[in-house]
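> fold the following and give me the result.
(one chain, ligands or ions: 1)
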Amino acid sequence: MLSALYHQLSKAAAALIVLLAAAVLPTAIASAADEDEESTPFAAPEVKIPAPDPNVLAFVDARATTSLNGTWNFIVDPMNMGTPGGFFGGWATTRIPVDEWQLLEYNYPNARQIRVPGDFNTQFDDLFFYRDSVWYQRDVDITPAPGQRYHLWFGGANYTTKVFLNGEPVAEQKGGYVPFSVDVTDVLVAGRNDLVVNVNNRLGADTVPTGRTDWWPYGGLTRDVLLVEVPAAGITNAKLTLASDRRHIEGEVTTRNVPKGGGVAIKIPELNISHKAKVDANGVAKWRVAAKPELWHPNNPKLYDVTISAGDESVEDRIGFRTIETRGQTILLNGEPIRFAGISTHEEPIGRDGAAYSRADMEVLFAEAKALGANFVRAAHYPYSRHAAEVADEIGLLLWEEVPIYWNIAWENPETLAIARDQLSRLIQRDWNRASVVIWSVANETPYSKPRMAFLENLIEDARAADPSRLVSAALLGDTRRELKDVALHLAAYGVAQDDVPAEERAIFQAILDRAGSAAPEVGSGFTLVIDDPLGELVDIVSYNEYFGWYYARGIAPAIGVSEKTVRQLMFQFMHHVNLSADFDKPMHISEFGAGAKSGKRGEGVWTEDYQARVYEAQTAMIANSPQVQGMTPWILKDFRAMLRTLPGIQDYRNRKGLIDENGRRKQAFYVLRDFYSGPWVTAAEESSR
Ligand code: GCU
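Sure, this is the predicted structure:
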């Protein structure tokens, strides 16, 4: 008889898998623009554009820079035919006609004006849904100093960026969200320079992420643009780390044009450190010095002024020193147990549509996380601007940073892997001195397959090689089929005992229990959910997205023939008996749970604040009942823009799982979580360390 139950459940599971697959598995995004552009008789010529410097030019805010932020000329190019040198792009490589006789159709004097930084989707109503090519242009007036080098630096742009300076193609970056730069000294002229940038936010089956994401594909020059002046001989980057013994600081300085044996100096005055080292044949100086710094902690975000000198330059930064590690199923910050009382975010400001880009945006957003009582933020699902980790360092928030390996990626496409590795490398090179950053995450909800394992193993190895001082994780999916079997059995056990469940539904539940025989659970019992995704072997913290109380009812109710209302109400009765665990002797982190609510909507059903609050009450009880879970980042701090979320009057192209709405109004669930974070689940870990 049990087989009949499993048959029913496997049908249920199959139905749900189909539902889930239809909802999340992306299909290649075909669009007119994907046609083979070369087939057009007047297509622009293939322009060979060099890749930007693979090494991130760090410490930009400590260098001599000319900001190129501000108003730029702007042309929308849906056919993506405006490349300089092409028929429509104008054979001339400039964009400013010399007189009224020159035929130049992509020219700027009468173009729109756009603000940089900032996505283009929310600066013009007609571009809200736009996902294709645009052109930016501005003049750069400069008198280059002899012997100095000039780097064009972009904090990030979405998604493919092609940079032309005085008609010269100087850099092409594939992949959004991460900084890139290029030395343009040899192309710059004294006086007026013509800077043209093409950005295309079109995504497809081979991009990172693909064209299907549950967040807005904000496009354009979304981050700061700077012209950075540096001496020929100097510093490209440097990494400082508190050693695992917490009694030494060790580091590496990567220099430029400093000969072997050349000197590097590291000064941390407050620690009486003034240390010298010599560069090797590769221009890298490694060093280690005894030190007992005051340890950085969310409750005490201590930062030190650091100066690094080499060649003809010095750079400064403010750096915190701490260690992060795991021991068995415990997370240790500075050797003491800690639980991640967190919240997930997207990089959107409170009170304004569009991509966040400024320091002020991040200060306001992260202040709300602190108001929640959080000590941790999962900065989903892509690298944020440099301001995010800087602000987290200063106000005391631990950070999970992530590259957008999201849902289904072209696991077997070498170029896709190269883009993913480049994004991870740039993120780590930019933020490896940020004490707040404790986790590099390489994936979100990627279904198991061998190609997926190979792809992610590459990224995990890269992360560990670039920065062994931090933890690696990934947000995993569970085995829905197995989860649903346990859920259905417990629904039945609780359902038959519930007088207000309609008789015909109680009969269905009874039939499930009869077929389960001795496997039928008791009321008051729960079950242990086990995450055993093989990726768990490779990460330090096993993270898991689960939506008990929200999505599961939608699939399981029709599968077993009862109403969603019944399933939802019964779930609340047994969720706190569920034990979330992982098949690895490692800490577990619940990287997502949540429910949608329209701010101000009250009542009992879905989309009400009351329902969302009930989900948070049941979820926090379930997590408190799961000893292996050492962290949580519920989904999500703020309602955010998403093309998938169309429900008129409720979503209107926003995902409504925020604890605050787009204007910052707090929903009931905000207070449920804040109360939980001031309770024993968080303080117990800290008390156990006293
Ligand atoms: C997924 C996914 C998120 C998404 C969320 C949701 O787990 O990771 O990007 O927004 O669920 O369904 O709201």
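> the stretch 351-500 of the chain: helices as residue ranges?
For the stretch 351-500 of the chain, the helices defined by DSSP state H, counting those that start in this stretch cover 359-371, 386-395, 414-431, 450-466, 480-496.
> dump those helices into JSON lines; add distance to the ligand as well.
Where C-beta positions appear, they are placed from N, C-alpha and C, glycine not excepted. Shown next, in JSON lines, are the helices of the stretch 351-500 of the chain (distance: least, C-beta to the nearest ligand atom, whole Å):
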{"stretch": "helix 359-371", "distance to the ligand": "17"}
{"stretch": "helix 386-395", "distance to the ligand": "18"}
{"stretch": "helix 414-431", "distance to the ligand": "17"}
{"stretch": "helix 450-466", "distance to the ligand": "16"}
{"stretch": "helix 480-496", "distance to the ligand": "13"}
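> mean neighbour count for these - can I get that in CSV?
Converted to CSV, the helices of the stretch 351-500 of the chain look like this (neighbours: other C-beta atoms under 10 Å):
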stretch, mean neighbour count
helix 359-371, 19
helix 386-395, 22
helix 414-431, 21
helix 450-466, 17
helix 480-496, 22
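> nearest to M571, of these?
helix 480-496 (7.4 Å; C-beta to C-beta).
> mind listing what's buried in the next helix or strand after that closest one?
Following helix 480-496 in sequence order, the next helix or strand is helix 503-516 (DSSP states H and E). Neighbour counts using 16 or more other C-beta atoms under 10 Å place E505, R506, I508, F509, A511, I512, L513, R515, A516 of helix 503-516 among the buried residues.
> may I have the secondary structure class of the closest residue to G86 other than its chain neighbours?
Among residues not flanking G86 along the chain, A44 sits closest, at 2.8 Å (C-beta to C-beta, 6 or more residues apart in numbering). Of the three states, A44 takes coil according to DSSP: H, G, I helix; E, B strand; the rest coil.
> A44 reaches T83, doesn't it?
Yes: taking C-beta atoms under 8 Å as the definition, A44 is a contact partner of T83 at 3.5 Å.
> between those two, which one's more packed in?
Using other C-beta atoms under 10 Å, the more surrounded residue of A44 and T83 is T83, with 26 against 19.
> low-confidence ranges, the protein, go.
1-40, 89-96, 686-690 (pLDDT under 70).
> around the ligand, pick out the residues from it.
Counting by C-beta under 6 Å from any ligand atom, the chain comes close to the ligand at D214, H381, N444, E445, N545, E592, W635, N655, K657.
> highest neighbour count among those residues?
K657 (28 neighbours).
> could you check how far the nearest residue to it once chain neighbours are set aside is from I556?
What sits nearest to K657 in space, not counting adjacent residues and going by C-beta to C-beta, 6+ apart, is G594, at 4.1 Å. Distance, G594 to I556, using C-beta to C-beta, to the nearest Å: 18 Å.
> any idea how far the residue of the stretch 251-400 of the chain found nearest the ligand lies from F129?
Closest contact between the stretch 251-400 of the chain and the ligand, by C-beta to the nearest ligand atom, is at H381 (5.8 Å). Relative to F129, H381 is positioned 20 Å away (C-beta to C-beta).
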